[in-house]
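1. Give the three-dimensional model of this entry:
(chains A and B)
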2 protein chains.
Amino acid sequence: MSPSSPVLVSVDWGTSAFRARLAAANGSVLDAVEAEVGAIGLASGAHEAFLEARIGGWMRRFPRLPIVLSGMVGSRQGWVEAPYVPCPAGAAEIAAAATIVPTTQLGRVAVIPGLSVRDPRGAPDVMRGEETQILGAVGADGRGDGLFVLPGTHSKWARVEAGRVVDFATFMTGEVFAALKDHTLLGRLMTPPDETDAAFAADAFARGLAAAAALERPGDFLHAIFMTRTLGLFDEAPAHALAEYLSGVLIGAEILAGAQGAREAFVVGSPTLTARYRAAGDALGIVFAAAPENCATLGQIALLERIGAL
Amino acid sequence: MSPSSPVLVSVDWGTSAFRARLAAANGSVLDAVEAEVGAIGLASGAHEAFLEARIGGWMRRFPRLPIVLSGMVGSRQGWVEAPYVPCPAGAAEIAAAATIVPTTQLGRVAVIPGLSVRDPRGAPDVMRGEETQILGAVGADGRGDGLFVLPGTHSKWARVEAGRVVDFATFMTGEVFAALKDHTLLGRLMTPPDETDAAFAADAFARGLAAAAALERPGDFLHAIFMTRTLGLFDEAPAHALAEYLSGVLIGAEILAGAQGAREAFVVGSPTLTARYRAAGDALGIVFAAAPENCATLGQIALLERIGAL
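-> Residues are numbered from 1 along each chain as shown, chains lettered A, B, ... in the order given. Model prediction:
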């Protein structure tokens, strides 16, 4: 098989976006289709029709190519439920729990399950989609263990041992940032970023990180975010930098809680978010190694040979 | 002067509501007017016209009665700015910084200033309106010192020594609760409270408090709130009780941070909020003594004799 032969149609279908990639065995992308269409709340039959419309051309060129989907498409509100697999779980457990869906035009497709875990007090946590990215990042890392962070709307911090996710936790950093900025008093004094004044923005982000590092009690978080307003009221930060202070408090608090004292972690995310976490890590004494961008596809390739029924 | 003689028109005018009381020397309310009209963003002259329309009748019956206003009416976006007084500050400092406003029909009115403080790292904090309530609560307490909490949209925790506010901190508890409930994923599974199932609601609130008490690092807050969703996903709390879990996490985290190890505090707030804080205090080992409901008026009476120019 040449390096440019496709081995997989890799689909990452979340709550707001659809991404399909025609992928080679090394994870390289031969062709790609994206759409801002989420997998949640579609009518019965709509998932299959949508998928066929997007990847039907590939399937006619490469019949019987396996199709693997991960992300919220496998949730109860998605196409078909692929129930959460409890941790610890690695490629074997995740592949074994994949839900195989028959289709009329695309053959059988595999929907990857999410993971669940209980904290020491019994409270549940879940991920869906990130487990596949973690498998891809673990494989690319080659060591098979470590601490992995997938920053975003709901950041996930996962601890991997011998290729298996043994523990993880969700931090609602991105969604809390958006809610505070758009739906509380904190956004009132903010103006859009000023690209000509990046130094002030960096200062404000650093001040937010320092505030996060200085928090003594968990509830002090509810106090530190209020400084987004008072720094503006007292003209101690320009209006265009106030969002950066808030981002620094949130990301700093997340990193210090997620890392739990660790000094290095792998970050799996967009270049923009990766750069932001690496800058925060520099200030907080944590080294973030960047994972490949195509971790979801790499993870699906790692799962592919273990999913026998496609 | 008989106990039923008015000594003051006491006005508490905040961002969303106007409350005027015709008050006797002991703080009792002889008459009252309320309106859901905030003091922020009104046109020039509108504050005076609005006030005259509401209390003009009292002033014609009792000419030259002092009029004292506290709350956001004294902010930069209010009627007239009464600049923040830095802590430590008690009745003397606050009265001395009152802004006296001449009016055409009501004589001179006094606008009470807010307070400001710096935390050990130099970050500013502010209150406006609560300083007057605290003075009223301190006077009613009779001891002149202690820890005071004014729960709400922006909860304030203030430390008072010898009748002066020496330190305070804002916690955005109420506003964060509303933003998370109404503008994040956490609200999706919530249904309105079910009055016939109060035991589950109390259980969920207690579980939130316990989660707050178990938080190890400040950023764990961003994780604990996510359980509002997973407890619903795993059917471990009824949908109508999920908001109570979230409330418990937020109020618990606030109390543990605000109390800083103290075992007793005075709570100044509505009966509903006072009851909620006392229930939380029972679970967290903190005794909340309730302050009188008319603290704003009591505080203005305490200030009145020190404001010479009315």
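2. For the stretch 201-310 of chain A, which segments count as helices?
-> Along the stretch 201-310 of chain A, the segments classed as helices by DSSP state H, counting those that start in this stretch run A:220-224, A:227-233, A:242-259, A:271-284, A:295-304.
3. Show the average pLDDT along the first one.
-> What it means is helix A:220-224. The average pLDDT for helix A:220-224 rounds to 96.
4. which residues sit against that helix?
-> For helix A:220-224, the external contacting residues (CB atoms under 8 Å, 6 or more residues apart in numbering or on different chains) are A:211-212, A:215, A:249, A:253, B:123, B:125, B:169-173, B:176, B:218-219, B:221-222, B:250, B:253-254, B:257. Every C-beta, even on glycine, is put in place using the N, C-alpha and C of the backbone.
5. ok, how many other residues are close to the spatially closest residue to residue A:75 that is not a sequence neighbour?
-> Nearest non-adjacent residue to residue A:75, counting by CB to CB, 6 or more residues apart in numbering or on different chains: residue A:128, 5.9 Å away. Counted with other CB atoms under 10 Å in any protein chain shown, residues neighbouring residue A:128 total 23.
6. next one: phi and psi at the residue of chain A positioned farthest from its centre?
-> What lies farthest from the middle of chain A is residue A:234; by CA atoms, centre = their mean that is 36.8 Å. Backbone torsions of residue A:234, given as degrees, to the nearest 10, read phi -90, psi 10.
7. Show me what the closest residue to it other than its chain neighbours bridges to in the sheet.
-> Leaving aside its sequence neighbours, residue A:234 sits nearest to residue B:124 (CB to CB, 6+ apart; 4.9 Å). With DSSP bridges applied, residue B:124 shows beta-bridge pairing to residue B:118.
8. ok, residue B:124 to residue A:81 distance?
-> As for residue B:124, its distance to residue A:81 is 50 Å (criterion: CB to CB, to the nearest Å).
9. who has more neighbours, the two?
-> Legend: neighbour count by other CB under 10 Å for residue B:124 and residue A:81, higher for residue B:124 (18 against 14).
10. contacting residues around that one?
-> A:227, A:230, A:231, A:233, A:234, A:236, B:116, B:117, B:118.
11. Switch these over to a markdown table; also include pLDDT and distance to residue B:295.
-> Below are the contacts of residue B:124 laid out as a markdown table (pLDDT from 0 to 100; distance: CB to CB, whole Å):
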| residue | pLDDT | distance to residue B:295 |
| --- | --- | --- |
| A:227 | 97 | 27 |
| A:230 | 96 | 24 |
| A:231 | 95 | 30 |
| A:233 | 92 | 25 |
| A:234 | 93 | 27 |
| A:236 | 93 | 31 |
| B:116 | 98 | 21 |
| B:117 | 98 | 20 |
| B:118 | 96 | 26 |
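12. got a winner among the residues you listed for most neighbours?
-> Of all the contacts of residue B:124, the highest neighbour tally under other CB under 10 Å goes to residue A:227, namely 27 neighbours.
13. Quick check: that residue touching residue A:242?
-> No. Counting by CB atoms under 8 Å, residue A:242 is not a contact partner of residue A:227; they are 9.5 Å apart.
14. partner residues bridging residue A:70?
-> Beta bridges link residue A:70 to residue A:12, judged by DSSP bridges.
15. So which residues of chain A form strands?
-> Along chain A, counting by DSSP state E, strands occupy A:6-13, A:18-24, A:29-35, A:67-70, A:85-86, A:99-102, A:108-111, A:115-118, A:124-127, A:146-150, A:155-161, A:164-171, A:264-267, A:287-290.
16. Out of those strands, which is the most enclosed?
-> When the strands of chain A are scored by mean count of other CB atoms under 10 Å in any protein chain shown, the highest mean neighbour count falls to strand A:67-70 (a mean of 28).
17. what about that strand, distance to the chain center?
-> On the basis of CA atoms, centre = their mean, to the nearest Å, strand A:67-70 sits 16 Å off its chain's mean C-alpha point.
18. Show me what that strand is packed against.
-> Identification of packing neighbours for strand A:67-70 by 3 or more CB pairs under 8 Å, 6 or more residues apart in numbering or on different chains; DSSP states H and E yields strand A:6-13, helix A:46-61, strand A:108-111, helix A:295-304.
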